[in-house]
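Undergrad: okay, structure incoming, though there's no sequence with it:
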C-alpha cells in the first residue's frame, strides 16, 4: 500500500472491485496538472461505472472529493480528477486504441 492516503484508497478500491491491469504513473516531470495517474481496465461499462462510483464515494468520505468526473454516463472511459491523482478507467478496446501509457512513457523517454 502507498503512504499517500489518496493513492492507498484508489489502490484499495481497484483491488476490491477487481479492476484489471492497473498501471500507476508518476507524471510530475511531464505536467503540472497532476502528480500521478492510474490507468485501469474494467470488464464492461457497468463495471467501470461501479469502479468510478466507489472511488468517488470513498474519496468524498475520506476528505478527498473528486474535482471533476468525465464519461460516467457512457462507461467506456471514465476520468476522475482528484487533483494530485487522475484516474482513467477504460474498457479494454478503448485502452488498446488510445494507448495512454505509451504517450506518457514516450514523454519520459524524451526527458532522458
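TA: Yep, that arrived. Quantities reported herein were computed from a predicted structural model and do not represent experimental measurements. Numbers count the residues shown, from 1 in each chain.

Undergrad: please name the nearest non-neighbouring residue to residue 16.
TA: Using CB to CB, 6 or more residues apart in numbering and skipping residues adjacent in sequence, the residue nearest residue 16 is residue 54, 7.6 Å away. For glycine as for every other residue, the C-beta is placed from the backbone atoms N, C-alpha and C.

Undergrad: helix or strand for the one you found, just tell me which one.
TA: If you go by DSSP states H and E, residue 54 is part of helix 45-61.

Undergrad: list the contacts of the residue most central in space within the chain.
TA: Here the mean C-alpha position of the chain is nearest to the C-alpha of residue 87 (CA atoms, centre = their mean), at a distance of 1.8 Å. By CB atoms under 8 Å, 6 or more residues apart in numbering, the contact set of residue 87 is 10, 37-38, 40, 52, 55, 78-80.

Undergrad: same thing but at 7 Å, please
TA: In this structure, residue 87 makes contact with 10, 38, 55, 80, judged by CB atoms under 7 Å, 6 or more residues apart in numbering.
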